[in-house]
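1. predicted model follows, preceded by the sequence.
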Amino acid sequence: GDSVTQMEGPVTLSEEAFLTINCTYTATGYPSLFWYVQYPGEGLQLLLKATKADDKGSNKGFEATYRKETTSFHLEKGSVQVSDSAVYFCALSRTGTASKLTFGTGTRLQVTL
Amino acid sequence: GAGVSQSPSNKVTEKGKDVELRCDPISGHTALYWYRQSLGQGLEFLIYFQGNSAPDKSGLPSDRFSAERTGGSVSTLTIQRTQQEDSAVYLCASSLTTVSTDTQYFGPGTRLTVL
């Protein structure tokens, strides 16, 4: 079945550091890929998405590129801020499965001054 | 416009009692999903509704769980004879359609605690 694997957290970085959160997936066909973020005390919200191979999703300085050859969708940001502290979830939805999302386990990011 | 709303925000119940959780999707969204977020299982799909089609119940963990969607809008998730392992945050999401590229918008969740 479909699955998403994320790097274990927590990830602790100093402000202005470079961030990478690894995400790989297993799915048949050509899934759509998403990063969702959950800020403390808030609900899940979409951060970015990519719907076909080689697409790059971007938002709020975050980027992720859909790499079909490596089945990956790694999240990157060049300079993190304290306000980026949150839990980040990688997810996929497969064509024909009515968009139900399969999530990774989440990676907690803590950014310190 | 208004986002997805859920009620109650918190629910504490005793083992063996029934509970009902409510979801109001974004107006005009035809697809509605329920997920569960728990420490042991992460985020898992439970059930989805699309228009007047039969719901996809493939993620429901047992027959104690059921859901309905009235008039293509509000949905209620019911858990009968609650168990301690049902303790989790129950999330509702809606999307315009069920095309796999569509964004799902999540509500704030209902935190269920079974004593």
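-> Happy to help now that I have it.

2. count the neighbours of residue 113 for me.
-> In the absence of a named chain, chain A is used. 7 (other Cβ atoms under 10 Å in any protein chain shown). C-beta here means a position set from N, CA and C on the backbone, and glycine is covered the same way.

3. actually it's chain B I care about, not the one you picked
-> 13.

4. any idea how far apart the tips of stretch A:39-56 sit?
-> 23 Å (Cα to Cα, to the nearest Å).

5. name the helix or strand for the spatially most central residue of chain B, please.
-> When Cα atoms, centre = their mean is applied to chain B, the residue found nearest the centroid is B:Trp34 (3.1 Å). Using DSSP states H and E, B:Trp34 maps to strand B:31-38.

6. just the buried residues of that strand, please?
-> B:31-37 (16 or more other Cβ atoms under 10 Å in any protein chain shown).

7. now the residue nearest to the centre of chain B, nearest residue through space, not along the chain?
-> Nearest residue to B:Trp34, sequence neighbours excluded (Cβ to Cβ, 6 or more residues apart in numbering or on different chains): B:Leu46, at 4.2 Å.

8. is chain B within reach of the one helix or strand A:Ala64 maps to?
-> Secondary-structure assignment from DSSP H and E places A:Ala64 in strand A:62-65. No - using Cβ under 8 Å from any Cβ of the partner chain, strand A:62-65 never reaches chain B; the gap is at least 14.9 Å.
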